[in-house]
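*Asks:* using only what follows, build the 3D model:
(chains A and B)
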Amino acid sequence: EAQVTQNPRYLITVTGKKLTVTCSQNMNHEYMSWYRQDPGLGLRQIYYSMNVEVTDKGDVPEGYKVSRKEKRNFPLILESPSPNQTSLYFCASSLFARNEKLFFGSGTQLSVL
Amino acid sequence: GEDVEQSLFLSVREGDSSVINCTYTDSSSTYLYWYKQEPGAGLQLLTYIFSNMDMKQDQRLTVLLNKKDKHLSLRIADTQTGDSAIYFCAESNNQGGKLIFGQGTELSVKP
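*Replies:* Have a look, this model is predicted:
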């Protein structure tokens, strides 16, 4: 089944403790992206990747890192999480960067205490 | 910078038509999208329209684009309780990569 898989689904952590949210797609998509969803703000793009080893900042990249060593995986890394990074995170992918059909993962609810 | 605006809530009765509106600022927008988010789930693409089109119809969904006013709307005919969800408008330009979402409109359908 074609899908974007994020893990974990829920995560509670403490300020400063490094964490990684994994994202994997099985559709051979070139484009992958991370978003955070906050009430009243909609979805804001954190980072995106047009292809392997190519990543770019979105609108809210501060405090996040990404890597794209393989086509299928696009992990989101929080080196030193802070409470303002408490949010619902979505990974998404599409065949190319034009986003006609962007496939979303089920989301990761992160709470930073 | 680019911005996409939507009203936050809409309530309709089952069987009525729903119209969800969206305005955007980027005049170089090439693609405009409507996504649906059901509770506890990710977003699903409902439909999209190229900026050189005025209208697109897909079963119960009609998308209207007024490029001059930078206004996009989604009409859902014969709205059902299963249509209750958050609907997001989004836009991107020809350079690809960046996709700007609105705040989302929560549609509530009452029986």
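*Asks:* ok, B:Arg13 - contacts?
*Replies:* Going by CB atoms under 8 Å, 6 or more residues apart in numbering or on different chains, B:Arg13 touches B:79, B:109-111. Placement of C-beta: from N, CA and C, glycine included.
*Asks:* state the distance from the residue nearest the centre of chain A to A:Thr55.
*Replies:* In chain A, the centroid-proximal residue (CA atoms, centre = their mean) is A:Trp34; its distance is 3.0 Å. The span separating A:Trp34 from A:Thr55 equals 10 Å under the rule CB to CB, to the nearest Å.
*Asks:* which neighbours do these two share?
*Replies:* Residues touching both A:Trp34 and A:Thr55 (CB under 8 Å, 6+ apart): A:47-48, A:66.
*Asks:* restrict the residues you listed to those near chain B?
*Replies:* A:Tyr48 (CB under 8 Å from any CB of the partner chain).
*Asks:* pick out whichever of the shared contacts of A:Trp34 and A:Thr55 sits closest to chain B.
*Replies:* A:Tyr48 (5.4 Å; CB to the nearest CB).
*Asks:* and that closest one, what does it touch?
*Replies:* Counting by CB under 8 Å, 6+ apart, A:Tyr48 touches A:31-34, A:55-56, A:58, A:97, B:97-98.
*Asks:* hmm, 7 Å instead?
*Replies:* A:31-33, A:56, A:58, B:97 (CB atoms under 7 Å, 6 or more residues apart in numbering or on different chains).
*Asks:* give the residue spans of chain B that score low on pLDDT.
*Replies:* Counting by pLDDT under 70, chain B has low-confidence residues at B:1, B:94-97.
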